[in-house]
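Undergrad: Have a look; sequence and predicted model below, questions after that.
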Amino acid sequence: MLKININSHLIEDIIHLPSDNYDLRPNNIDIDTIVIHCISLPEGSYDNDNVSDLFTNKLDTTKNKSFSSLEGLRVSSHVFIKRNGEIIQFVPFNMRAWHAGVSKHKGRENCNDFSIGIELEGTSNSVFEDEQYNKLKEILKLMKTCYPKIVEENIIGHNKVAPGRKEDPGVFFDWDKIKG
């Protein structure tokens, strides 16, 4: 069972790879939203450290021609769930990770201010693994306990906060597997 350290705002007993791609949340902001993303680098390629390297500003953009657009990009989610269910945390939950970009939800701009970003290793056109859903469901339960303003209707895909710009987590993401 996952537990959070209330002092560090980190999940205990998982891998922590600190990212510099975050800052303070604005004052008087309640964390009430979770944005679910997916990523793999190169797209559809797993079993590598490219996503972790991107989130920690260590990605060698000469490794693959598809990486050229990532040169100088500074992004990170709070958490990344690999295909095998391994969880990596990059940013403490009380901080504003740079995950949603230009975004809007329920009339509020800049979703990074009030949300937690969770990335699943995958693509918007692929099926996710059961172990990823299991770990995601555990994290969601933990986040709802720590941040009681997070409600089901505020657990959304990146496509909902950046329509027309983003598709993730994609058509194959099974929302029923994370309910409750």
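TA: Sure thing, it's come through. Note that the structure is a prediction, hence the values are computed from the model and not measured.

Undergrad: Tell me the secondary structure at the residue nearest the centre of the chain.
TA: Of all residues in the chain, the one closest to the mean position by C-alpha atoms, centre = their mean is Ile118, 2.1 Å from it. Per DSSP: H, G, I helix; E, B strand; the rest coil, the local secondary structure of Ile118 is strand.

Undergrad: any idea where the helices of this protein begin and end?
TA: Applying DSSP state H to the chain gives helices spanning 50-55, 130-146, 158-161.

Undergrad: Which of those sits closest to Asp13?
TA: Counting by C-beta to C-beta, Asp13 lies closest to helix 130-146 out of the helices of the chain; the figure is 12.3 Å. Any C-beta I mention is one placed from the backbone N, CA and C, and that applies to glycine too.

Undergrad: could you measure Ser76 against Val171, distance?
TA: 25 Å (C-beta to C-beta, to the nearest Å).

Undergrad: neighbours around the residue nearest to the residue nearest to the centre of the chain when sequence neighbours are not counted, how many?
TA: Computed as C-beta to C-beta, 6 or more residues apart in numbering, the closest residue to Ile118 that is not its neighbour in sequence is Val79, at 5.0 Å. Residues within reach of Val79, counting by other C-beta atoms under 10 Å, total 26.

Undergrad: and what of Lys137?
TA: Here the neighbour count serves as a burial measure; for Lys137 (other C-beta under 10 Å) it reads 14.

Undergrad: can you check Ser103 too?
TA: Ser103 is surrounded by 22 other residues when neighbours are defined as other C-beta under 10 Å.

Undergrad: ok, Ile14 - contacts?
TA: Residues in contact with Ile14 (C-beta atoms under 8 Å, 6 or more residues apart in numbering) are Leu2, Ile87, Ile88, Gln89.

Undergrad: Let's have these in a markdown table, adding neighbour count.
TA: Putting the contacts of Ile14 into a markdown table (neighbours: other C-beta atoms under 10 Å) gives the following:
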| residue | neighbour count |
| --- | --- |
| Leu2 | 14 |
| Ile87 | 20 |
| Ile88 | 21 |
| Gln89 | 23 |
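
Undergrad: Out of the residues you listed, list just those in strands.
TA: Secondary structure assignment by DSSP state E places Ile87, Ile88, Gln89 of those in strands.

Undergrad: Bridged to the last one, which residues?
TA: Gln89 has these beta-bridge partners by DSSP bridges: His16, Val79.

Undergrad: Could I get the contacting residues of it?
TA: Under the criterion of C-beta under 8 Å, 6+ apart, the neighbours of Gln89 are Leu10, Ile11, Ile14, Ile15, His16, Leu17, His78, Val79, Phe80.

Undergrad: Touching, His37 and His158? I think so.
TA: Yes - at 4.7 Å, His37 and His158 qualify as touching, with contact defined as C-beta atoms under 8 Å.
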